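Enquirer: need a 3D model of the following:
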Amino acid sequence: MDEEKAKAERGTANERSEASPNAEAALRTADAVLAVDLSDVPLTRVTQFVVGWCRAAFAQSRVIAHLALHGMPSAAAPNRRLFSELAIRLQWLRDLPTDLRPGAVDEILETARESKRSTHKHLDEMGWHTGFDPTEMDAFVLSAAEGKVKDQARKFAAAAHATEVKNGPVFAMWREDSYLAHPTGPLAGEYAPAVDDETLGMGVPSVLDADMEGHRDISLFIVVMTGSLLTDEGIDDFVVGRRTSAYFSV
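Expert: You can find the predicted model right below:
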C-alpha cells in the first residue's frame, strides 16, 4: 500500500502543470545567467551589491522552478519572497541618484552589522557564550546614508514606496509570500484549514502567480535593472551585455 501511495505521489509530481513551461524556461534562464563570467567587473560596493543581488535572485529562481515542477509551488513562498524583494531592491537602487548609491548599500551593511551584534547579545543572554569578537567587523569603515535613504535602506516597504514607478504587483507578491514565509496565522490556516468550524482538514496555500508568467517578467526586469546599474558604474557595454545575452540565449 505504501509503495502504491509513493507511486501516486511521484505521478502527481511529474504531471505537467500550468506552470511547467515557464518553470522549465526559468530553470534554463537561471542556469545561463548564473554561468555568466563577470570576473572582470571592477569591485566597488555598488557593483558587488548589484551582481550579488542579481545572482541571488536567479539562485532563488532555480529553487522556485524546481518546486513548481515537482508539484510543490506553495513550499517556495520563502524563495519567492526573496526573489520579489531583490527585484524591488534593484529598482530602488536604480532610482537613487548615483552619488547616493554607495551610502545606501553601506547602510544595508551597517544594518547587517547591527544584527550580528544583536544576535550575539541574545545568545549571551540565553547562556550560549560564543566568545564573538566584533573588532575586525567594526574596523570596516562604512559611509552611512542619511534621512529618507537611510530609512529606505533599512525598511523594505519604504524602499518600495520610494521607487519612481510603483511596482504594486511585485510588492503584492512579496506581501502574500511573507505570510507564508513565517509562522503566521495564514500559514497555519492554509496547511490546517477548518472544516465546518469543527475539525481540521489538510491543505496547501494557493499560489498568486500560478502559471509563473509574473516570475518570468520579473526575471527580465532584474536583468534590465542589473544592466542599467552596472552601466551607471562605468562597466563596459560588452561586459554588461553578457548577462542580457545569456538571458535571451535559452
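Enquirer: tell me both backbone torsions, phi and psi, for Val195.
Expert: Here is the backbone geometry of Val195 (degrees, to the nearest 10): phi -120, psi 110.
Enquirer: against Met72, how distant is it?
Expert: 23 Å (C-beta to C-beta, to the nearest Å). All C-beta atoms are positioned from the backbone trio N, CA, C, and that covers glycine.
Enquirer: distance-wise, check Gly203 relative to Ser74.
Expert: Going from Gly203 to Ser74 by C-beta to C-beta gives 9 Å.
Enquirer: the more surrounded of those two?
Expert: The residue with more neighbours, out of Gly203 and Ser74, is Ser74; 18 against 13, by other C-beta atoms under 10 Å.
Enquirer: mind checking pLDDT for Met1?
Expert: On pLDDT, Met1 comes in at 43.
Enquirer: can you give me the strands in this structure?
Expert: With DSSP state E, the ranges of strands along the chain come out as 194-195, 199-200.
Enquirer: which residues touch Val223?
Expert: Applying C-beta atoms under 8 Å, 6 or more residues apart in numbering to Val223 gives the contacts 33, 54, 243-244, 247.
Enquirer: will you turn these into JSON lines that also has distance to Ile218?
Expert: Listed next are these as JSON lines, based on distance: C-beta to C-beta, whole Å:
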{"residue": "Val33", "distance to Ile218": "13"}
{"residue": "Cys54", "distance to Ile218": "12"}
{"residue": "Arg243", "distance to Ile218": "15"}
{"residue": "Thr244", "distance to Ile218": "15"}
{"residue": "Tyr247", "distance to Ile218": "12"}
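Enquirer: low-confidence ranges in the protein?
Expert: Applying pLDDT under 70 to the chain flags the ranges 1-15.
Enquirer: could you pull out the helices in it for me?
Expert: Using DSSP state H, the helices found in the chain span residues 2-14, 20-34, 45-69, 77-95, 101-125, 135-138, 147-154, 156-162, 168-179, 185-191, 213-232, 237-248.
Enquirer: let me know which of those helices is tucked in deepest.
Expert: helix 77-95 (a mean of 23; mean count of other C-beta atoms under 10 Å).
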